[in-house]
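Asker: Kindly return the folded structure for what I paste below:
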Amino acid sequence: MNPSKLTGVHYRIKFGLIVGLLISMTIISCGGDKTEETPASNASSKGIGPVSSVTLGTLDQSMADRGKKQFEAKCSACHKFEEKVVGPALQDVTLRRTPEWIMNMILNPIEMTQKDPIGQELLGEHLTQMTFQNIKEEEAREILEYFRKMDLK
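Answerer: The predicted structure is shown next:
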């Protein structure tokens with residue numbers, strides 16, 4: 001169609017398309033298509049793996065000390081508490097995730113990132129698969145205790 005013959009209707013249609021496109025781009029760039037992760041949505045998630053129940057008591061310092069050694073040997077290359085390295089920063093992880101979820105992520109990272117919604121989201125955000133470190137359940141519990149100690153600071 002010859003541009004000189006465009007009517008007011010044509011201009012309104014073009015204007016509407018441009019405005020709609022700009023609104024869509026703004027919503028996407030602001031994260032409007034992404035659901036916010038709330039503590040309530042994570043409060044009951046236990047993840048996928050061998051751990052279905054964890055009983056927490058007062059902080060066990062000797063268990064936390066063993067967990068620190070495990071963490072330093074097997075986790076610290078990819079994780080820090082205050083900042084993202086390869087994997088996410090871990091500060092306040094015990095406030096964001098259930099104990100069962102944390103232990104299942106440590107023990108079963110491949111399946112967690114394939115099937116657990118939170119694990120999938122983390123993989124999408126950090127773009128690196130957490131590797132299986134051949135950690136036993138008792139060691140994962142010690143690491144969890146170390147995380148609890150770090151989150152009390």
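Asker: check which helix or strand covers the residue at minimal distance from the centre of the chain.
Answerer: Within the chain, the residue whose C-alpha comes closest to the C-alpha centroid is residue 122; the distance, by CA atoms, centre = their mean, is 3.7 Å. For residue 122, the element it lies in under DSSP states H and E is helix 117-126.
Asker: I'd like to know which elements that helix is packed against.
Answerer: Based on contacts counted as 3 or more CB pairs under 8 Å, 6 or more residues apart in numbering; DSSP states H and E, the elements that helix 117-126 packs against are helix 109-115. Bear in mind the C-beta positions are built from the backbone N, C-alpha and C, glycine included.
Asker: which parts of the helix it packs on are buried?
Answerer: Neighbour counts over helix 109-115 (16 or more other CB atoms under 10 Å) mark 109, 111-113 as buried.
Asker: related to what we said a few turns ago, need the contact partners of the helix holding residue 122.
Answerer: Counting contacts by CB atoms under 8 Å, 6 or more residues apart in numbering, the residues outside helix 117-126 that touch it are 37, 42, 45, 47-48, 84, 86-88, 97, 101, 105, 109, 112-114, 129.
Asker: How much space separates the residue lying closest to residue 152 once chain neighbours are set aside from residue 131?
Answerer: The spatially closest residue to residue 152, leaving aside those adjacent along the chain, is residue 59, at 6.8 Å (CB to CB, 6 or more residues apart in numbering). Remark: distance between residue 59 and residue 131 (CB to CB, to the nearest Å) = 28 Å.
Asker: Please apply the same query to residue 112.
Answerer: The spacing between residue 112 and residue 131, counted by CB to CB, is 12 Å.
Asker: residues touching residue 140, list them.
Answerer: By CB under 8 Å, 6+ apart, the residues touching residue 140 are 51, 102-103, 106-107.
Asker: Please report which of the residues you listed has the highest neighbour count.
Answerer: Neighbour counts for the contacts of residue 140 (other CB atoms under 10 Å) peak at residue 106, which has 27 neighbours.
Asker: returning to what we had before: any idea of the pLDDT on the residue nearest to the centre of the chain?
Answerer: In the predicted model, residue 122 carries a pLDDT score of 93.
Asker: Distance of it relative to residue 98?
Answerer: 15 Å.
Asker: Residue 85 reaches residue 128, doesn't it?
Answerer: No. Using CB atoms under 8 Å, residue 85 is not in contact with residue 128, being 9.9 Å away.
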